[in-house]
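Visitor: Just need the structure, nothing else, for what follows:
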Amino acid sequence: MVMLSRVAEHVYWMARYIERAENTARLISVNSNLLLDLPRKVRPGWLPLIAITASDELFHSLYSDADERSVIKFLISDTRNPSSILSSLQSARENARTIRDTTPREGWERLNELYLHATAQAAAGLSQKKRFSYLKSIIFSTQQITGLIAGTMNHDASYSFVCLGSNLERADMTTRIIDVRSANLIPDQDEALQPFENIQWMSVLKSLTAYQMYRRAMQSAIRCSEVLTFLLKNPEFPRTVYHCLGEAQAHLESLPHNDLPLRSLLNLRRIVNDVDTHAMNSKDLHAFIDNLQIGLGQLHNQICASYFRVETGQQQIQSQ
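Guide: The predicted model follows:
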């Protein structure tokens, strides 16, 4: 049981950190494009990315200005930031290294190669000219690792913790993107700038590679309430909150001692399913997302308490 706890903890965190590296690369890439599409007076700048990753206090303690280069460096290569791409890949690699007998060798080798490549080429991420290529390599490589693990690892209890980690990380990032991006949208009273609002909601979808599937599922123009309905409640797209919680539920149900976390997860799914996105104003949305994030944090803590060794798991919780 001690060995199972150790393995469960490391595969869970490995999956979360791989997902986090991919999500951060997506955010930077999409924000770069968004700044090119919007007029200068409504461009959100780079600071919202710091808010999305919940790193405001740490960032301002390390950097005096929230200019493009500072934010990019903080999010890509600054190892003082535990959620930077390099820090996430380093943490994923370290967790994978300790359980190499459990995960497929090809997955470990590809993760190790990705970490070495991302570290050696980090300067390219700071360059406007080479940034998109660098971020694209991060995104594709993390997806390749995820696919290798899914296709070559036994779908046993250890794999259930991989899926728990990746889906909770996805759900958390989706809520963060919705919360921060909706707060930075064009004010309702500025009618002259309203035509650009759909561009910002489009960037929300593209941050999650959800634009094409949104158009297919909703068959409507880009509108706030429709985007929220899709990203929160759609049961089919892999990065919506409802779908991520559903995947987590399926794997949690296969594990023993799941009473407390499963009860919390089912409650979160019910809350998401019942919300009326068409009746929400910006204040309601912020309050809803805030409560949802608190619930996701509690679910994470309950999983840690139910399955992991508290004395070692707490060290990684601090970098969540």
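Visitor: Just want to check the distance between Tyr307 and Ala157.
Guide: According to CB to CB, to the nearest Å, Tyr307 and Ala157 sit 9 Å apart. Placement of C-beta: from N, CA and C, glycine included.
Visitor: which one of those two has more residues nearby?
Guide: Neighbours per residue, other CB atoms under 10 Å: of Tyr307 and Ala157, the larger number sits with Tyr307, 22 against 16.
Visitor: for the more buried one, what are its contacts?
Guide: Shown in contact with Tyr307 (CB atoms under 8 Å, 6 or more residues apart in numbering): Ser5, Ala8, Glu9, Phe161, Leu255, His257.
Visitor: Whichever strand or helix holds His60: which residues count as buried?
Guide: Per DSSP states H and E: His60 is located in helix 56-62. For helix 56-62, the neighbour count (16 or more other CB atoms under 10 Å) marks Leu58, Phe59 as buried.
Visitor: Show the subsequent helix or strand relative to that helix.
Guide: Assigned by DSSP H and E, the successor of helix 56-62 is helix 68-76.
Visitor: For that next one, buried residues please.
Guide: Within helix 68-76, the residues scored as buried using 16+ other CB under 10 Å are Ser70, Val71, Ile72, Lys73, Phe74, Leu75, Ile76.
Visitor: Is it possible to get TSV of those residues that adds pLDDT and distance to Arg176?
Guide: What follows is those, written out as TSV (pLDDT from 0 to 100; distance: CB to CB, whole Å):
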residue	pLDDT	distance to Arg176
Ser70	96	20
Val71	95	16
Ile72	95	18
Lys73	97	21
Phe74	97	16
Leu75	97	13
Ile76	97	18
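Visitor: Just put the residues you listed in JSON lines and tack on distance to Leu114.
Guide: Listed next are the buried residues of helix 68-76 as JSON lines, based on distance: CB to CB, whole Å:
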{"residue": "Ser70", "distance to Leu114": "25"}
{"residue": "Val71", "distance to Leu114": "23"}
{"residue": "Ile72", "distance to Leu114": "19"}
{"residue": "Lys73", "distance to Leu114": "20"}
{"residue": "Phe74", "distance to Leu114": "20"}
{"residue": "Leu75", "distance to Leu114": "17"}
{"residue": "Ile76", "distance to Leu114": "14"}
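Visitor: just the strands in this structure please.
Guide: With strands called from DSSP state E, the chain shows none.
Visitor: longest single helix anywhere in it?
Guide: Counting residues, the longest helix found in the chain (DSSP state H) is helix 2-37.
Visitor: returning to what we had before: out of the buried residues of helix 68-76, which one sits closest to Asn112?
Guide: Within these, the smallest distance to Asn112 is 19.0 Å, found for Ile76 (CB to CB).
Visitor: Perfect, I'm done here.
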